[in-house]
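>>> requesting a structural model of the entry that follows:
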Amino acid sequence: MAARRQAWQFAAALVFFHGSEYVLAAAFHGRSNVTATSLLISKQYVLAMSFAMLEHLTEAVLFPELKEYWFVSNIGLLMVLIGEIIRKLAVVTAGRAFTHVIRIYHEDQHQLVTHGVYRVYATSWVFWFSHMGGRDPGYAVQSNINCCIYIGVVAILFKTDT
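Numbering: from 1, shown residues only. From the prediction side, this is the model:
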């Protein structure tokens, strides 16, 4: 039963994250300026989510006792909630200055946002690490030990490379 609960939490977190990103982008930039790319779904992302579900289902069938560690799942869910709150506060604070497009050159209309949650820290990175560990692949929420370790390494390598 715990495995089923974890799978539903994973799916709900995915739907909420992607749906709310799209809605916020449309709210700040106008619906006509928002495309399906605002859902932030790529082939690599779908592959990662597929591996997360495959590991979850495999462990649920072969080693159901691994899915009974509620504290791991609850910590993952807490990370999801904290990450989502930080992320949404950052998006709302930045308003029209926030986009899903990474720019490498300064444009005249760009402005640095330094108020609200951005006063505290580079909010997007705080969110990103919480998000990666807790929800993005859903590994901690589903108690997927192998994927959790893998994504932790990938997250650190990605952050040190940027």
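>>> can you list the buried residues in the helix or strand encompassing A7?
In this assignment (DSSP states H and E), A7 forms part of helix 2-29. By 16 or more other Cβ atoms under 10 Å, the buried positions in helix 2-29 come out as 2-3, 6-7, 9-10, 13-14, 17, 21-22, 24-25, 28-29. Where you see a C-beta, it was placed from the backbone N, CA and C, and this is true even at glycine.
>>> from these, pick the one nearest A52.
Of all the buried residues of helix 2-29, F10 has the smallest distance to A52: 7.3 Å, by Cβ to Cβ.
>>> how much space separates the closest one from S73?
Distance, F10 to S73, by Cβ to Cβ, to the nearest Å: 10 Å.
>>> average pLDDT for the helix holding A7, rounded please.
Averaged over helix 2-29, pLDDT sits at 87.
>>> and stretch 96-108, average pLDDT?
Across stretch 96-108, the average pLDDT comes to 78.
>>> list the buried residues of that stretch.
F98.
>>> which stretches of this protein have low pLDDT?
1, 102, 121-148, 150-152, 154-162 (pLDDT under 70).
>>> if I look at G30, how far off is S38?
G30 is 12 Å from S38, by Cβ to Cβ.
>>> show me which of those two is the more surrounded one.
S38 (19 against 10; other Cβ atoms under 10 Å).
>>> specify the local secondary structure of the more buried one.
State at S38, reduced to three classes by DSSP: H, G, I helix; E, B strand; the rest coil: helix.
>>> for this structure, just list every one of the strands.
Read by DSSP state E, the chain holds no strands at all.
>>> what is the end-to-end distance of stretch 25-33?
Taking Cα to Cα, to the nearest Å, stretch 25-33 runs 9 Å from one end to the other.
>>> please tell me how far it is from the chain's geometric centre.
21 Å (Cα atoms, centre = their mean, to the nearest Å).
>>> the protein: helices as residue ranges?
Applying DSSP state H to the chain gives helices spanning 2-29, 43-62, 70-94, 123-134, 145-161.
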